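Engineer: from the sequence below, what's the structure:
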Amino acid sequence: MANKPDFTEEEYQAFAQLMDSYNRTFAISLTTLLLSILGFIIAETQIGYVITDTIRWVFGLLVVLPLTITVIGSKRDFNNLAFSMPKTILYSALNAVSLITIVALVFNLN
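Structural biologist: Predicted coordinates:
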């Protein structure tokens, strides 16, 4: 006699989509983190005299910190299969804060 699955097809699809969103969140956050740090290092070497300590603090607190939290949190949740919609929303909000800050810093430096 075959074992009866614990999940319905709809539940399985929803879980698979949530896993996929966590995986994408991790990949986007890690890529954005690495590119933003690389871009900041290049900006520091090219126009270092324009970058003040305040800009460095803003970059650290509003770009690096949220992206690091998102990268570590989403990878940890994915590995532990601890998915939840509030965490997904939090990670998306942290990514949005970081991206808006990056755009604001670029406009500020131009």
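Engineer: so which bits of the helix ranked longest in the chain are buried?
Structural biologist: Criterion DSSP state H: the longest helix present in the chain is helix 9-47. The neighbour-count check on helix 9-47 (16 or more other CB atoms under 10 Å) flags 21-22, 25-26, 28-30, 32-33, 36, 40, 43 as buried. Glycine gets a C-beta too; all of them are placed from N, C-alpha and C.
Engineer: same deal with stretch 86-98?
Structural biologist: Applying 16+ other CB under 10 Å to stretch 86-98 flags 87-88, 90-91, 94-95, 97-98 as buried.
Engineer: quick one: distance of that stretch to the chain centre.
Structural biologist: Its chain's C-alpha centre and that of stretch 86-98 lie 7 Å apart, by CA atoms, centre = their mean, to the nearest Å.
Engineer: and that stretch, C-alpha only, in PDB?
Structural biologist: Taking Å, rounded to 0.1, in the frame of the first residue of the first chain, the C-alpha atoms of stretch 86-98 are listed here in PDB:
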ATOM      1  CA  PRO A  86       6.800  38.100   7.900                       C
ATOM      2  CA  LYS A  87      10.500  37.200   7.400                       C
ATOM      3  CA  THR A  88      10.100  37.400   3.700                       C
ATOM      4  CA  ILE A  89       8.600  40.800   4.000                       C
ATOM      5  CA  LEU A  90      11.300  41.900   6.400                       C
ATOM      6  CA  TYR A  91      14.000  40.800   4.000                       C
ATOM      7  CA  SER A  92      12.400  42.600   1.100                       C
ATOM      8  CA  ALA A  93      12.100  45.800   3.100                       C
ATOM      9  CA  LEU A  94      15.700  45.600   4.100                       C
ATOM     10  CA  ASN A  95      16.700  45.100   0.500                       C
ATOM     11  CA  ALA A  96      14.600  48.100  -0.500                       C
ATOM     12  CA  VAL A  97      16.200  50.300   2.200                       C
ATOM     13  CA  SER A  98      19.600  49.300   0.900                       C
END
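Engineer: average pLDDT across it?
Structural biologist: Stretch 86-98 carries an average pLDDT of 89.
Engineer: hmm, back to that, and the buried residues of helix 9-47, which is closest to residue 75?
Structural biologist: Taking CB to CB as the measure, residue 75 sits nearest to residue 26 out of the buried residues of helix 9-47, at 5.3 Å.
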